[in-house]
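# this is a predicted model, with the sequence first.
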Amino acid sequence: MRLTILGGGGFRVPLVHGALLDDRAEGRVTHVTLYDLDAGRLSAIARVLAEQAAGYPDAPEVSVTTDLDEALAGTDFVFSAIRVGGLEGRAADERVALAQGVLGQETVGAGGIAYGLRTLPVVDHIAQRVAALAPDAWFINFTNPAGLVTEAMARRLGDRVIGICDSPVGLGRRVARALGAPRPEEAVLDYVGLNHLGWLRGLRIGGRDELPRLLADRELLGSFEEGKLFGPEWIQSLGAVPNEYLHYYYFNRETVRAYQEADLTRGAFLRDQQARFYDRMRDPAAPALRTWDATRAEREATYMSENREAAGAGERDDASLTESGGYEKVALALMRAIARDEPTTLILNVRNRGTLSVLDADAVIEVPCLVDAGGAHPVAVSPLPAHATGLVCSVKAVEREAMAAAASGSRAAAVKAFALHPLVDSVGVARRLVDEYRAVHPGLAYLT
(Lines give C-alpha, C1' and ligand atoms only; values in the text may rest on other atoms or scores of the structure.)
Protein backbone atom coordinates (compact mmCIF):
# COMPACT_ATOMS: atom_id res chain seq x y z
CA MET A 1 0.00 0.00 0.00
CA ARG A 2 1.30 3.47 -0.91
CA LEU A 3 1.04 6.53 1.34
CA THR A 4 1.77 10.12 0.33
CA ILE A 5 2.55 12.66 3.06
CA LEU A 6 1.96 16.29 2.08
CA GLY A 7 4.15 18.52 4.21
CA GLY A 8 6.66 15.68 4.21
CA GLY A 9 9.45 17.95 5.44
CA GLY A 10 7.43 18.82 8.53
CA PHE A 11 8.90 18.24 11.97
CA ARG A 12 6.32 15.68 13.14
CA VAL A 13 6.52 13.36 10.12
CA PRO A 14 8.79 10.91 12.02
CA LEU A 15 5.86 10.22 14.36
CA VAL A 16 3.83 8.89 11.42
CA HIS A 17 6.80 6.92 10.14
CA GLY A 18 7.36 5.39 13.57
CA ALA A 19 3.76 4.16 13.67
CA LEU A 20 4.19 2.60 10.22
CA LEU A 21 7.36 0.80 11.34
CA ASP A 22 5.43 -0.85 14.17
CA ASP A 23 2.66 -2.05 11.87
CA ARG A 24 3.40 -5.69 11.07
CA ALA A 25 0.02 -6.73 9.68
CA GLU A 26 -0.83 -7.81 6.16
CA GLY A 27 -1.67 -4.92 3.84
CA ARG A 28 0.69 -2.52 5.62
CA VAL A 29 2.15 0.58 3.99
CA THR A 30 5.18 -0.45 1.92
CA HIS A 31 6.03 2.86 0.25
CA VAL A 32 5.94 6.41 1.60
CA THR A 33 6.32 9.47 -0.61
CA LEU A 34 7.24 12.69 1.17
CA TYR A 35 6.15 15.85 -0.64
CA ASP A 36 7.21 19.34 0.37
CA LEU A 37 8.03 22.66 -1.27
CA ASP A 38 11.31 22.87 0.70
CA ALA A 39 13.92 20.38 -0.50
CA GLY A 40 16.18 21.13 2.46
CA ARG A 41 13.52 20.22 4.99
CA LEU A 42 12.71 17.07 3.02
CA SER A 43 16.35 16.02 3.17
CA ALA A 44 16.51 16.61 6.93
CA ILE A 45 13.40 14.56 7.68
CA ALA A 46 14.47 11.79 5.30
CA ARG A 47 17.66 11.45 7.35
CA VAL A 48 15.66 11.11 10.56
CA LEU A 49 13.44 8.47 8.95
CA ALA A 50 16.46 6.52 7.71
CA GLU A 51 17.88 6.34 11.24
CA GLN A 52 14.45 5.41 12.60
CA ALA A 53 14.23 2.50 10.18
CA ALA A 54 17.55 0.98 11.29
CA GLY A 55 16.85 -2.54 12.51
CA TYR A 56 13.65 -2.88 10.49
CA PRO A 57 14.55 -5.03 7.46
CA ASP A 58 11.12 -4.56 5.91
CA ALA A 59 10.70 -0.84 6.62
CA PRO A 60 8.60 1.06 4.07
CA GLU A 61 10.57 2.47 1.15
CA VAL A 62 10.78 6.27 1.38
CA SER A 63 11.03 8.65 -1.57
CA VAL A 64 10.97 12.44 -1.64
CA THR A 65 9.70 14.95 -4.19
CA THR A 66 8.87 18.61 -4.59
CA ASP A 67 6.42 17.82 -7.42
CA LEU A 68 2.82 17.50 -6.22
CA ASP A 69 1.56 15.52 -9.21
CA GLU A 70 4.41 13.04 -8.90
CA ALA A 71 3.61 12.60 -5.20
CA LEU A 72 -0.08 11.90 -5.82
CA ALA A 73 0.06 9.59 -8.84
CA GLY A 74 -0.88 6.03 -7.90
CA THR A 75 -1.18 6.58 -4.17
CA ASP A 76 -3.71 4.79 -1.96
CA PHE A 77 -3.79 7.25 0.94
CA VAL A 78 -2.82 10.90 1.26
CA PHE A 79 -1.93 12.31 4.65
CA SER A 80 -1.85 16.11 4.74
CA ALA A 81 -0.05 18.18 7.36
CA ILE A 82 0.96 21.23 5.36
CA ARG A 83 1.53 24.65 6.93
CA VAL A 84 0.92 27.47 4.46
CA GLY A 85 3.21 30.35 5.38
CA GLY A 86 5.32 28.20 7.69
CA LEU A 87 5.92 28.94 11.35
CA GLU A 88 6.82 32.52 10.49
CA GLY A 89 3.24 32.86 9.27
CA ARG A 90 1.92 31.40 12.52
CA ALA A 91 4.03 33.82 14.56
CA ALA A 92 2.69 36.71 12.46
CA ASP A 93 -0.90 35.52 13.03
CA GLU A 94 -0.32 35.67 16.77
CA ARG A 95 1.50 39.02 16.68
CA VAL A 96 -1.15 40.83 14.61
CA ALA A 97 -4.05 39.53 16.71
CA LEU A 98 -2.44 40.30 20.06
CA ALA A 99 -1.73 43.86 18.92
CA GLN A 100 -5.51 44.23 18.54
CA GLY A 101 -6.12 42.64 21.95
CA VAL A 102 -7.57 39.38 20.62
CA LEU A 103 -6.39 35.78 20.43
CA GLY A 104 -3.99 34.73 17.69
CA GLN A 105 -3.89 30.96 18.29
CA GLU A 106 -3.52 28.98 15.05
CA THR A 107 -6.92 27.26 15.13
CA VAL A 108 -9.02 29.45 17.43
CA GLY A 109 -10.19 33.01 16.94
CA ALA A 110 -8.48 35.59 14.74
CA GLY A 111 -5.33 33.54 14.22
CA GLY A 112 -7.32 30.52 13.12
CA ILE A 113 -9.31 32.57 10.61
CA ALA A 114 -6.15 34.14 9.15
CA TYR A 115 -4.50 30.73 8.88
CA GLY A 116 -7.61 29.30 7.24
CA LEU A 117 -7.91 32.13 4.71
CA ARG A 118 -4.38 31.61 3.38
CA THR A 119 -4.68 27.80 3.51
CA LEU A 120 -8.04 27.32 1.75
CA PRO A 121 -6.89 28.29 -1.79
CA VAL A 122 -3.91 25.93 -1.46
CA VAL A 123 -5.91 22.92 -0.27
CA ASP A 124 -8.54 23.55 -2.94
CA HIS A 125 -5.81 23.19 -5.57
CA ILE A 126 -4.58 20.03 -3.85
CA ALA A 127 -8.12 18.60 -3.82
CA GLN A 128 -8.41 19.23 -7.55
CA ARG A 129 -5.14 17.38 -8.21
CA VAL A 130 -6.15 14.47 -5.97
CA ALA A 131 -9.48 14.18 -7.82
CA ALA A 132 -7.63 14.15 -11.16
CA LEU A 133 -4.67 11.90 -10.31
CA ALA A 134 -5.80 9.68 -7.43
CA PRO A 135 -9.62 9.64 -7.46
CA ASP A 136 -9.77 6.38 -5.49
CA ALA A 137 -7.36 7.53 -2.79
CA TRP A 138 -8.51 8.36 0.73
CA PHE A 139 -7.42 11.77 2.01
CA ILE A 140 -6.59 12.04 5.72
CA ASN A 141 -6.46 15.68 6.75
CA PHE A 142 -4.42 16.94 9.70
CA THR A 143 -3.85 20.40 8.22
CA ASN A 144 -5.21 23.07 10.53
CA PRO A 145 -7.76 24.47 11.06
CA ALA A 146 -8.70 20.80 10.58
CA GLY A 147 -12.49 21.06 10.57
CA LEU A 148 -12.56 24.06 8.23
CA VAL A 149 -10.03 22.55 5.82
CA THR A 150 -11.77 19.17 5.81
CA GLU A 151 -15.14 20.76 5.00
CA ALA A 152 -13.66 22.84 2.19
CA MET A 153 -11.95 19.81 0.63
CA ALA A 154 -15.09 17.69 0.97
CA ARG A 155 -16.74 19.97 -1.58
CA ARG A 156 -14.45 18.36 -4.17
CA LEU A 157 -13.57 14.98 -2.62
CA GLY A 158 -16.81 14.15 -0.83
CA ASP A 159 -16.60 11.60 1.95
CA ARG A 160 -13.16 10.41 0.82
CA VAL A 161 -11.62 13.23 2.85
CA ILE A 162 -11.60 12.62 6.61
CA GLY A 163 -10.17 14.95 9.23
CA ILE A 164 -8.28 13.68 12.26
CA CYS A 165 -7.24 15.17 15.59
CA ASP A 166 -5.63 13.57 18.62
CA SER A 167 -7.01 15.90 21.31
CA PRO A 168 -10.36 14.07 21.88
CA VAL A 169 -8.56 10.73 22.20
CA GLY A 170 -5.99 12.20 24.58
CA LEU A 171 -8.77 13.74 26.68
CA GLY A 172 -10.62 10.42 26.85
CA ARG A 173 -7.53 8.50 27.90
CA ARG A 174 -6.61 10.98 30.62
CA VAL A 175 -10.14 10.83 32.03
CA ALA A 176 -10.21 7.04 31.82
CA ARG A 177 -6.91 6.81 33.65
CA ALA A 178 -8.15 9.17 36.35
CA LEU A 179 -11.14 6.86 36.79
CA GLY A 180 -8.88 3.84 37.19
CA ALA A 181 -9.61 2.12 33.87
CA PRO A 182 -7.22 -0.83 33.45
CA ARG A 183 -7.03 -0.15 29.69
CA PRO A 184 -7.78 3.55 29.07
CA GLU A 185 -7.59 3.10 25.29
CA GLU A 186 -10.62 0.78 25.42
CA ALA A 187 -12.97 3.30 27.07
CA VAL A 188 -15.97 4.23 24.90
CA LEU A 189 -16.32 8.00 24.52
CA ASP A 190 -19.44 10.12 24.07
CA TYR A 191 -17.82 13.17 22.49
CA VAL A 192 -19.31 15.71 20.13
CA GLY A 193 -18.66 19.17 18.68
CA LEU A 194 -16.38 20.74 16.08
CA ASN A 195 -12.64 20.35 15.81
CA HIS A 196 -11.04 21.96 18.90
CA LEU A 197 -14.56 22.78 20.12
CA GLY A 198 -16.01 19.64 21.69
CA TRP A 199 -17.17 18.14 24.97
CA LEU A 200 -16.74 14.72 26.56
CA ARG A 201 -20.22 13.89 27.86
CA GLY A 202 -19.84 10.25 28.76
CA LEU A 203 -17.16 7.60 29.19
CA ARG A 204 -18.08 3.95 29.39
CA ILE A 205 -15.78 1.45 31.08
CA GLY A 206 -16.98 -2.14 30.98
CA GLY A 207 -20.36 -1.00 29.68
CA ARG A 208 -21.00 1.54 32.46
CA ASP A 209 -20.85 5.32 32.14
CA GLU A 210 -18.31 6.42 34.73
CA LEU A 211 -18.36 10.15 33.95
CA PRO A 212 -20.98 10.94 36.64
CA ARG A 213 -18.59 9.49 39.23
CA LEU A 214 -15.85 11.79 37.97
CA LEU A 215 -18.10 14.85 37.99
CA ALA A 216 -19.10 14.19 41.59
CA ASP A 217 -15.51 14.00 42.85
CA ARG A 218 -13.55 17.28 42.86
CA GLU A 219 -10.34 15.54 43.86
CA LEU A 220 -10.56 13.24 40.83
CA LEU A 221 -11.47 16.19 38.61
CA GLY A 222 -8.34 18.02 39.65
CA SER A 223 -6.04 15.08 39.01
CA PHE A 224 -5.64 15.33 35.22
CA GLU A 225 -4.68 18.00 32.69
CA GLU A 226 -8.13 19.35 31.75
CA GLY A 227 -9.25 19.35 35.38
CA LYS A 228 -6.27 21.50 36.32
CA LEU A 229 -6.78 23.75 33.31
CA PHE A 230 -10.51 24.49 33.76
CA GLY A 231 -10.92 23.82 37.47
CA PRO A 232 -13.27 21.22 38.99
CA GLU A 233 -16.00 23.76 39.76
CA TRP A 234 -16.39 24.89 36.14
CA ILE A 235 -16.37 21.33 34.80
CA GLN A 236 -19.08 20.40 37.28
CA SER A 237 -21.11 23.42 36.14
CA LEU A 238 -20.85 22.29 32.52
CA GLY A 239 -21.69 18.68 33.31
CA ALA A 240 -19.09 17.61 30.74
CA VAL A 241 -15.33 17.76 30.31
CA PRO A 242 -14.38 20.32 27.63
CA ASN A 243 -11.67 19.87 25.04
CA GLU A 244 -8.56 21.73 26.19
CA TYR A 245 -8.96 24.26 23.35
CA LEU A 246 -12.18 25.53 24.93
CA HIS A 247 -9.94 27.18 27.51
CA TYR A 248 -9.42 29.91 24.91
CA TYR A 249 -13.18 30.58 25.02
CA TYR A 250 -13.99 30.09 28.70
CA PHE A 251 -10.91 31.98 29.96
CA ASN A 252 -10.25 34.24 27.02
CA ARG A 253 -9.14 37.40 28.83
CA GLU A 254 -6.71 35.52 31.03
CA THR A 255 -5.23 33.64 28.09
CA VAL A 256 -4.84 36.72 25.90
CA ARG A 257 -3.08 38.49 28.76
CA ALA A 258 -0.75 35.52 29.29
CA TYR A 259 0.11 35.49 25.58
CA GLN A 260 0.74 39.24 25.62
CA GLU A 261 3.05 38.94 28.61
CA ALA A 262 4.99 35.91 27.32
CA ASP A 263 8.55 36.39 26.10
CA LEU A 264 7.61 34.47 22.95
CA THR A 265 4.28 33.33 21.58
CA ARG A 266 3.89 29.63 20.82
CA GLY A 267 4.39 30.18 17.10
CA ALA A 268 7.52 32.25 17.63
CA PHE A 269 8.94 29.65 20.02
CA LEU A 270 8.36 26.83 17.54
CA ARG A 271 9.69 28.93 14.67
CA ASP A 272 12.97 29.52 16.48
CA GLN A 273 13.20 25.99 17.87
CA GLN A 274 12.63 24.27 14.55
CA ALA A 275 14.94 26.67 12.74
CA ARG A 276 17.70 25.45 15.06
CA PHE A 277 16.81 21.83 14.29
CA TYR A 278 16.84 22.27 10.50
CA ASP A 279 20.04 24.35 10.68
CA ARG A 280 21.67 21.54 12.67
CA MET A 281 20.58 19.03 10.02
CA ARG A 282 22.65 20.84 7.42
CA ASP A 283 25.66 19.21 9.08
CA PRO A 284 25.91 15.71 7.55
CA ALA A 285 27.59 14.48 10.74
CA ALA A 286 24.73 15.55 13.02
CA PRO A 287 22.92 12.64 14.72
CA ALA A 288 19.54 13.11 13.04
CA LEU A 289 17.25 10.97 15.19
CA ARG A 290 18.82 12.00 18.50
CA THR A 291 18.61 15.69 17.57
CA TRP A 292 14.97 15.29 16.53
CA ASP A 293 14.07 13.44 19.75
CA ALA A 294 15.57 16.16 21.95
CA THR A 295 13.74 18.89 20.02
CA ARG A 296 10.43 17.02 20.24
CA ALA A 297 10.73 16.52 24.01
CA GLU A 298 11.11 20.27 24.53
CA ARG A 299 8.18 20.95 22.19
CA GLU A 300 5.81 18.62 24.07
CA ALA A 301 6.78 19.90 27.52
CA THR A 302 5.89 23.49 26.58
CA TYR A 303 2.54 22.70 24.89
CA MET A 304 -0.22 25.18 25.92
CA SER A 305 2.11 26.68 28.52
CA GLU A 306 0.36 30.08 28.39
CA ASN A 307 -2.98 28.46 29.17
CA ARG A 308 -1.53 26.57 32.12
CA GLU A 309 0.05 29.78 33.38
CA ALA A 310 -3.26 31.62 33.10
CA ALA A 311 -5.01 28.80 34.98
CA GLY A 312 -2.25 28.38 37.58
CA ALA A 313 -2.07 24.72 36.53
CA GLY A 314 1.72 24.40 36.75
CA GLU A 315 3.92 22.28 34.52
CA ARG A 316 2.63 19.33 32.51
CA ASP A 317 3.08 16.10 34.42
CA ASP A 318 4.57 12.91 33.00
CA ALA A 319 1.15 11.25 32.61
CA SER A 320 -0.09 14.17 30.52
CA LEU A 321 2.94 13.92 28.27
CA THR A 322 2.47 10.18 27.70
CA GLU A 323 -1.34 10.09 27.43
CA SER A 324 -1.67 12.09 24.21
CA GLY A 325 -3.97 10.60 21.64
CA GLY A 326 -1.14 10.37 19.12
CA TYR A 327 -2.45 11.69 15.80
CA GLU A 328 -0.15 9.26 14.00
CA LYS A 329 -1.91 6.37 15.75
CA VAL A 330 -5.31 7.77 14.79
CA ALA A 331 -4.17 8.03 11.16
CA LEU A 332 -2.82 4.47 11.17
CA ALA A 333 -5.99 3.08 12.76
CA LEU A 334 -8.06 4.90 10.14
CA MET A 335 -5.98 3.51 7.26
CA ARG A 336 -6.13 0.00 8.69
CA ALA A 337 -9.91 0.07 9.09
CA ILE A 338 -10.47 1.23 5.51
CA ALA A 339 -7.78 -0.78 3.72
CA ARG A 340 -8.47 -4.06 5.55
CA ASP A 341 -12.20 -3.58 6.16
CA GLU A 342 -11.60 -4.03 9.89
CA PRO A 343 -14.44 -2.04 11.52
CA THR A 344 -13.45 0.21 14.39
CA THR A 345 -14.74 3.34 16.10
CA LEU A 346 -12.71 6.56 15.99
CA ILE A 347 -13.45 10.22 16.74
CA LEU A 348 -13.11 11.96 13.37
CA ASN A 349 -14.03 15.07 11.42
CA VAL A 350 -16.70 14.10 8.90
CA ARG A 351 -19.79 15.50 7.23
CA ASN A 352 -22.73 15.79 9.60
CA ARG A 353 -25.33 13.79 7.65
CA GLY A 354 -28.04 14.64 10.20
CA THR A 355 -26.00 13.69 13.27
CA LEU A 356 -26.44 17.14 14.83
CA SER A 357 -29.85 18.47 13.85
CA VAL A 358 -28.82 22.12 14.33
CA LEU A 359 -26.32 21.87 11.44
CA ASP A 360 -26.87 21.00 7.79
CA ALA A 361 -25.82 17.70 6.24
CA ASP A 362 -22.52 18.98 4.75
CA ALA A 363 -21.23 20.69 7.89
CA VAL A 364 -18.11 18.89 9.12
CA ILE A 365 -18.33 17.94 12.79
CA GLU A 366 -16.12 15.97 15.18
CA VAL A 367 -17.85 12.84 16.52
CA PRO A 368 -17.33 9.11 17.03
CA CYS A 369 -17.55 7.27 13.71
CA LEU A 370 -17.77 3.66 12.67
CA VAL A 371 -15.00 3.12 10.12
CA ASP A 372 -14.89 0.30 7.58
CA ALA A 373 -13.99 -0.20 3.92
CA GLY A 374 -16.72 2.27 2.98
CA GLY A 375 -15.15 5.09 5.00
CA ALA A 376 -16.23 6.87 8.19
CA HIS A 377 -19.88 6.90 9.26
CA PRO A 378 -20.88 9.20 12.16
CA VAL A 379 -22.80 7.49 14.94
CA ALA A 380 -25.97 8.93 16.44
CA VAL A 381 -25.44 11.34 19.33
CA SER A 382 -27.80 13.12 21.68
CA PRO A 383 -28.33 16.89 21.20
CA LEU A 384 -25.93 19.41 22.65
CA PRO A 385 -27.06 21.68 25.51
CA ALA A 386 -28.03 25.21 24.56
CA HIS A 387 -24.72 26.85 25.52
CA ALA A 388 -22.73 24.39 23.41
CA THR A 389 -25.20 24.56 20.52
CA GLY A 390 -24.84 28.33 20.39
CA LEU A 391 -21.06 28.16 20.30
CA VAL A 392 -20.96 25.39 17.69
CA CYS A 393 -23.42 27.21 15.40
CA SER A 394 -21.57 30.50 15.78
CA VAL A 395 -18.15 29.04 14.94
CA LYS A 396 -19.58 27.03 12.05
CA ALA A 397 -21.05 30.27 10.62
CA VAL A 398 -17.57 31.82 10.84
CA GLU A 399 -16.08 28.86 8.98
CA ARG A 400 -18.66 29.22 6.24
CA GLU A 401 -17.87 32.93 5.85
CA ALA A 402 -14.16 32.12 5.64
CA MET A 403 -14.89 29.61 2.86
CA ALA A 404 -16.99 32.18 1.04
CA ALA A 405 -14.18 34.73 1.30
CA ALA A 406 -11.62 32.23 -0.01
CA ALA A 407 -13.86 31.26 -2.92
CA SER A 408 -14.78 34.81 -3.93
CA GLY A 409 -11.74 36.82 -2.87
CA SER A 410 -14.10 39.16 -1.04
CA ARG A 411 -12.55 41.35 1.65
CA ALA A 412 -16.07 42.06 2.95
CA ALA A 413 -16.68 38.35 3.49
CA ALA A 414 -13.35 38.05 5.30
CA VAL A 415 -14.25 40.97 7.57
CA LYS A 416 -17.58 39.27 8.29
CA ALA A 417 -15.80 36.02 9.23
CA PHE A 418 -13.61 37.83 11.76
CA ALA A 419 -16.40 40.03 13.11
CA LEU A 420 -18.78 37.12 13.74
CA HIS A 421 -16.29 35.12 15.74
CA PRO A 422 -17.12 35.01 19.49
CA LEU A 423 -13.54 35.97 20.37
CA VAL A 424 -13.43 39.07 18.15
CA ASP A 425 -15.50 41.74 19.85
CA SER A 426 -15.72 44.52 17.27
CA VAL A 427 -16.36 45.05 13.57
CA GLY A 428 -13.70 47.75 13.71
CA VAL A 429 -11.20 45.25 15.08
CA ALA A 430 -12.20 42.79 12.34
CA ARG A 431 -11.50 45.38 9.64
CA ARG A 432 -8.11 46.21 11.11
CA LEU A 433 -7.27 42.50 11.37
CA VAL A 434 -8.01 41.91 7.70
CA ASP A 435 -5.90 44.89 6.65
CA GLU A 436 -2.99 43.94 8.91
CA TYR A 437 -3.04 40.30 7.85
CA ARG A 438 -3.11 41.30 4.18
CA ALA A 439 -0.07 43.50 4.83
CA VAL A 440 2.02 40.70 6.38
CA HIS A 441 0.81 37.66 4.37
CA PRO A 442 1.35 37.70 0.59
CA GLY A 443 -1.00 34.73 0.45
CA LEU A 444 -3.92 36.98 1.42
CA ALA A 445 -3.42 39.49 -1.38
CA TYR A 446 -6.39 37.89 -3.16
CA LEU A 447 -8.79 39.55 -0.69
CA THR A 448 -9.98 42.74 -2.39
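Perfect, I can see it now.
# any idea which helix or strand in this protein has the lowest mean pLDDT?
helix 318-322 (a mean of 50; mean pLDDT, DSSP states H and E).
# state the mean pLDDT of the following helix or strand past that one.
Later in the chain than helix 318-322, the nearest helix or strand by DSSP states H and E is helix 327-340. Computed over helix 327-340, the mean pLDDT rounds to 95.
# what helices and strands are in contact with helix 327-340?
Helix 327-340 sits against helix 13-21, strand 77-80, strand 138-141, strand 344-351, strand 364-372, with contacts defined as 3 or more C-beta pairs under 8 Å, 6 or more residues apart in numbering; DSSP states H and E. From N, CA and C alone the C-beta is placed, and that goes for glycine too.
# which elements pack onto the last one?
Judged by 3+ C-beta pairs under 8 Å, 6+ apart, the packing partners of strand 364-372 are helix 146-157, strand 188-194, helix 327-340, strand 344-351, strand 375-378.
# looking at the chain, which helix is longest?
helix 109-133 (DSSP state H).
# related to what we said a few turns ago, dump the helices and strands packed on strand 364-372 to TSV, plus mean neighbour count.
Listed next are the helices and strands packed on strand 364-372 as TSV, based on neighbours: other C-beta atoms under 10 Å:
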stretch	mean neighbour count
helix 146-157	25
strand 188-194	23
helix 327-340	21
strand 344-351	22
strand 375-378	20
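# between these, which one is nearest to residue 445?
Nearest to residue 445, of all the helices and strands packed on strand 364-372, is helix 146-157, at 19.4 Å by C-beta to C-beta.
# hmm, who's touching that closest one?
With contacts defined as C-beta atoms under 8 Å, 6 or more residues apart in numbering, helix 146-157 is touched by 107, 112, 116, 119-120, 123-124, 126-128, 130-131, 139, 141, 143, 161-165, 194-197, 349-351, 362-366, 399, 402-403, 406.
# could you tell me which of those count as buried?
Neighbour counting by 16 or more other C-beta atoms under 10 Å classes 107, 112, 116, 119-120, 123-124, 126-127, 130-131, 139, 141, 143, 161-165, 194-197, 349-351, 363-366, 399, 402-403, 406 among the contacts of helix 146-157 as buried.
# give the contact list for the nearest residue to residue 23 once chain neighbours are set aside.
In space, and not counting its chain neighbours, residue 23 is closest to residue 332: 6.3 Å by C-beta to C-beta, 6 or more residues apart in numbering. Contacts for residue 332 (C-beta under 8 Å, 6+ apart) come out as 16, 19, 20, 23.
# let's see that with 7 Å instead.
Residues near residue 332 by C-beta atoms under 7 Å, 6 or more residues apart in numbering: 19, 20, 23.
# now flag whichever of those residues is closest to residue 100.
Distances from residue 100 to the contacts of residue 332, taken by C-beta to C-beta, are shortest for residue 19, at 39.9 Å.
# I figured the closest one hits residue 328, correct?
Yes. Residue 19 is within contact range of residue 328, at 4.3 Å (criterion: C-beta atoms under 7 Å).
# buried residues in whichever strand or helix holds residue 93?
Using DSSP H and E, residue 93 sits in helix 86-99. Within helix 86-99, the residues scored as buried using 16+ other C-beta under 10 Å are 86, 87, 89, 90, 91, 92, 93, 94, 95, 96, 97, 98.
# could those residues go into TSV alongside pLDDT?
Formatted as TSV, these follow (pLDDT from 0 to 100):
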residue	pLDDT
86	96
87	95
89	97
90	96
91	96
92	97
93	97
94	96
95	96
96	97
97	98
98	97
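# how about those residues, which pair is most distant?
Within those, 86 and 98 form the most distant pair, 19.1 Å apart (C-beta to C-beta).
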